[in-house]
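Student: quick one, structure for this:
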Amino acid sequence: MDKTDGEMLRADNSLNRHRRLFVFTGSAAQLLIDYRRRNAMKLANRVLLCALAIFVLSAVAFGQTPRGENDPRNLSPSVGTGGPEGGPTGLFTIYDGSTLRKGEFTFSFAFSNYDRDPGNVDITDWPASFNVGLNDHLELFFKTNAYRGIKVNNPQNLSSFYLPNTQGYFGAGLLGSGPAIILAPSGPNVGTIAGTAVFRPPFCPGCVAGTDPLAVYYSAGQPFVAYPYTGGTGPNFGLGPGVIGGLFGFPGFSATLGPPTGGTTNFGAAGTFPGVGSPVGSILPGIVLATIQMPCTALTGNCRPPGSPNPLSPIVIPTSYTTAPSYLPDAPFVSRLYGESSVTDMVIGAKWRITGPRNPFGFGFIPFYRWYLDKAKDGQGFNQLQRGASPGGNIGDFGLVMFADARLSRSVNLSANLGYILNSNPKGADGVALLDRPDEVIAGIGVDFPINKYVQPMMEFRSTEYVAGRTPNAFQNNPVEFTAGIKIYPARWWGFGAWYRRALNDQRQKNIAPQDASATVQQITNVNVPGRGIIVVPGTSVISTSAGFPLGFQPSSDPYGFGAQLWFGHRNKREPAILPNQPPTASIAASVTTITLPCPPGFHSKGGSCAAVSTGVQLATTATDPDGDTLLYSYTVTGGRITGEGANVSWDLSGLGPGTYSASVDVDDGCGCITAATTTVTIANCSDCEKDLVCPTVSVDCPTEVEESGAATFTAKFNQGTPVVSETYNWSVSAGTITSGQGTSSITVSAAGLGGQTITATVEIGGVDPTCPRTASCSTPVKGKPPISRKFDEYGNIRFNDEKARLDNFAIQLQNEPTAQGYIIGYGSCDAEGLTRANRAKDYLVNTRGIDAGRLMTVDAGCLPELDVQLWIAPQGATPPTGDAQGVISPCPDCKKKPATRRRGARRRGEE
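Tutor: Residues are numbered from 1 along each chain as shown. Model prediction:
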C-alpha cells in the first residue's frame, strides 16, 4: 500500500452527534497492492515474444509438411474462457495455425473452471461451439456460453457488493450495506458537498442499540434501493438540522440518488452517478476495507473512563479504502456470493489461414464479434449482470487475434497468439455508460505433442492485459496462467480432453510485498464554542496496515482451475503419401530492375530522379517442392558478385558501368530434379544532369526588446550565391506599421499601442532561384505599461457595522483578484488613530473573511481634520499606493484621553 497522507480536507462534524460527514477533495488514500512480482506481465510478455521468435526460426529450420496420411496430429476446437473465445481449431485456450478442410465440421461441449482477481473469484463456464471449414484457408465458428456459475470468495474486495441494492452480513441475521467512498449526492439541498468524494457510512440500524453513541453512524449509510437507483433515498450521513443553541446544522438536507450524467458513448468514459458511484466515474463506488473510531477530543464530548471511555459524539473514519472502484472485468457488477446464469454470450467469427495448407509455417487471423444477451437496460437484465452473467457490453465486443504455428518435429508443434479485443460499455436505460470497460490484449504460447494419432498432450502459457482508456480499477489484476492437459482421439473425428489450469500472479499474500503505512488525519479544529472560546484540536494519524498488509484486505487463496471437453464431427479422408519424385517450381525476382547512376560531382539531376542509390540488389527465389524435399540453391551472374546463400541472397553491382546484367538460380531438390530461373538488372546513366546551384543566404537582425513608445529597426543580411543576382526586398510585419525602409534592406516599425505583443518582421528576397530559400524573419517583444493601483472605497468615522459592510465588499474584490495586494490607508485626526483604525480593518478581513494576512498592508498616512480610511487594490506589479487625501497635517496632534465612563445595560448590537 502506497503511503499517502489520507488527508480529509473538509469534514462537517459538530458537537451534535447527528452529523458525521467526511468529504474527500484532495489526494484520498487510495488502497494499492504492491506485488512482489509487479513485473509479472512485463516478464510474461518478454517470454512470449522470445518464444515467438524461437518458433519462427524453428519453423524455417525444422518445418515438416503436416496433415499427411502418416501425420499423427489431429484437429479439435479450442475451449477458450478467461480471455480467448472458444470455437476455432486449437489447443485449450491457444489457437493453432491449422484450419478445417472444406466440408469438415465439429461440435464441442466443455466445462471450464478458472480463477480471477480481485475478489478471489472462482468461475465455471460451460461453452458450446460449432466450426466448419469452407476451404483450405477459411473456417467459420460459433460459440455460446451455455451456463456460468461464479463464486465470490472475497466479496469485500469488489465494489459491486457495495451497490444500493446489495446487502452483506454484519453478523448473524444482520444485513446492511457496507461503508464506501462515493461521489456526493447532487441536488438543491446537499450544500457544498456536491461533486466531491465523500465517506458513506454503513447502513445497519440493527447492529447497535438505539441509545448507543454509534446508532446514528450505523443509520447514516445507504438503505436498500432497487435498480436503477435514480430518485431513490440516498445516505443521510447522520446530517440533521441541528438544535437550538447548537453550533452546527444542515437544515433541509435530503439526499437522493442520481440522476447520472455524461458518458453516453459505447467506447468512451463512463458517466458519473451522484450518491452511488465512485468519484472517478462509473456506477461502482470506491470500497472501504477498514474504519476506526477516533479518540475523544475537546469537540466530541467528555470521555469519562472507565464508565464512559468513548466519545459522546463519536467520529468514525476510513483507514483502508479506495476512491476508485475495484471490479472484475469479466463480471464487473457481480453481487452474489454464488451466481448462476445461462446463455450469457454468443460469438461468431472466422479463422483465416494466410499461408498454404502444406506450408509448415501456419499464419493468419481470427476476427470475431461477441454480444451479450443480458443488458443493464432494466432491472431484470441488471439482475443477471449482478449474478455474474457477463459485463453486458451495449453493442458487443470486437476482437482480432493473430495466430501462428510450426511443426518443430513429427511429435512437437508450437503455436503462438497475439490479439486485441475492443470492449463496449454497458449502458443503463437512460443511455449513460455504467462502466468504461478496459480493452484486452491477449497473448499466449502453446506446445502440443502428437505422440501418435490417439494421444496428444499439450501445455499453454498465456496472459490477458487490460489496456486503453478505462475506469480505474483499484485492485486490477492482469492474469497470467499456465495450463497443462491431454486430448484423446479414439478416432480423428471425435475425442475428449481434460486439463489443469493455474493462475500465476493471483492476489495471494505471498505475491504482496508487506509495507507499513499510516494516514494523517486533520481533526475538526478552530471552532468558537460559547463560553470556551476557540477550541484547537491538533491533527493525528491512524494505522492503515497490519504486519505490512492493508487492513481489511482479504488475499486470494485458490489459484487452481480445471476442465474437460468433448467434441465430435466429420473429417475428410487423409491423402496418401506421394512416392514419385516431382521437380520443384521456382522463380527469381530482383528488388529493383533498373539502377540509375547518380550525376558526377558538381552536377545534379534537373528532375531530381537520379539521387544516389545503392548498387546492392536483393534476389529472392520463391521455390516449392511437391514432395517436401529440402531444396538447394546455386547462383551465377554476368557481372558483380553474390553474397549469402539460400533462397534470399545479395547481388553486389558496385563498380559496373552502364549495361544489362543477368542473375540465374538453379534449384535442386537433391533427388535429381533441377529447376532454373533468371532475372536481369539494367544499369543506366542519369539523363538530365546539370550544374549545381548554390543558393544565397538571407537573415534578419532585430533588437531584443522595444518600448511601447518607441520603434524597432529590422535589417536584412543577404549573401550572394551562384549565380549572382540583383536582389529586391519586400517586408511584411505581424503587428505595427512600417514607417520607413520598405523596399530596402532595413525598415523601421512603430511599436505604438503594441504593449505586451510581439512584432515579427519577415523579408522576402526577389530575383533568386525559385528553389532557394528566400524569406527570413526576426521577432521583437514590445514592453507594456505597468499596471496601476486603484482606490476601491473610502469612508470616514462610521459605525463598525457599516464599516464591516464596506470591508466585506473589499474582501470579495480581493478574492476575485487572487494576485492583487490590498492596502488599508488610514488618516487619523490625532497621532496613531489612522493606523489603529487600519489595523482593526485588517484584523476583521483576516479573522472573519479569511483573507491571507500577507495580502493586506496597513499604512499610517498622517492626519486630517477628520478620520478617513481609504481601501486600495494594487494589481501584481503595480506601484504600492500612498493615499490621495489632500490637506494632510504633519506632525499629527496628540490624541486626547477620554474620561472613563460606565454605561448601564448591554452594548447595542453592532457597537464595539
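
Student: quick one: stretch 367-377 to chain centroid distance?
Tutor: Counting by CA atoms, centre = their mean, to the nearest Å, stretch 367-377 is centred 24 Å from the centre of its parent chain.

Student: show me what the host helix or strand of residue 642 is packed against.
Tutor: Per DSSP states H and E, residue 642 falls inside strand 641-643. Where contact means 3 or more CB pairs under 8 Å, 6 or more residues apart in numbering; DSSP states H and E, strand 641-643 is packed against strand 648-652. From N, CA and C alone the C-beta is placed, and that goes for glycine too.

Student: and the strand it packs on, what does it pack against?
Tutor: In terms of contacts (3+ CB pairs under 8 Å, 6+ apart), strand 648-652 is packed against strand 616-624, strand 632-637, strand 641-643.

Student: mind listing the strands for the stretch 801-912 of the chain?
Tutor: Using DSSP state E, counting those that start in this stretch, the strands of the stretch 801-912 of the chain run over residues 821-828, 856-863, 868-874.

Student: ugh, typo on my part, it should be the stretch 551-700 of the chain
Tutor: Taking DSSP E, counting those that start in this stretch, the strands of the stretch 551-700 of the chain run over residues 560-570, 585-590, 594-596, 603-605, 616-624, 632-637, 641-643, 648-652, 659-668, 674-684, 689-691, 697-701.

Student: run me through the strand neighbours of the fifth one, direction for each.
Tutor: Paired with strand 616-624 in the same sheet, following DSSP bridges, are strand 585-590 (antiparallel), strand 648-652 (antiparallel).

Student: circling back to that earlier point, nearest to residue 216, out of the strands of the stretch 801-912 of the chain?
Tutor: Residue 216 sits nearest to strand 856-863 of all the strands of the stretch 801-912 of the chain, at 41.8 Å, using CB to CB.

Student: and stretch 743-750, what's buried?
Tutor: Using 16 or more other CB atoms under 10 Å as the test for burial, stretch 743-750 gives 745, 747, 749-750.

Student: pull the residues that contact that stretch.
Tutor: 711-718, 728-731, 733, 736-741, 759, 761 (CB atoms under 8 Å, 6 or more residues apart in numbering).

Student: how does it look with 7 Å?
Tutor: Contact with stretch 743-750 is made by 711-716, 718, 729, 731, 733, 736-741, 759, 761, as judged by CB atoms under 7 Å, 6 or more residues apart in numbering.

Student: stretch 456-463 too?
Tutor: Here stretch 456-463 makes contact (CB under 7 Å, 6+ apart) with 41, 44, 74, 91-94, 443-450, 478-487, 489.

Student: quick one on the thing from earlier: turn the helices and strands packed on strand 648-652 into CSV, including distance to residue 542 and mean neighbour count.
Tutor: Listed next are those as CSV, based on distance: least, CB to CB, whole Å; neighbours: other CB atoms under 10 Å:
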stretch, distance to residue 542, mean neighbour count
strand 616-624, 69, 17
strand 632-637, 76, 15
strand 641-643, 73, 12
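
Student: rewinding a little: what's the closest of the strands of the stretch 551-700 of the chain to residue 519?
Tutor: Using CB to CB, the strands of the stretch 551-700 of the chain put strand 560-570 closest to residue 519, at 35.9 Å.

Student: what's in contact with that closest one?
Tutor: Counting by CB under 7 Å, 6+ apart, 76-77, 79, 104-115, 493-502 sit against strand 560-570.

Student: for residue 629, see how far away residue 585 is.
Tutor: Counting by CB to CB, to the nearest Å, the gap from residue 585 to residue 629 is 12 Å.
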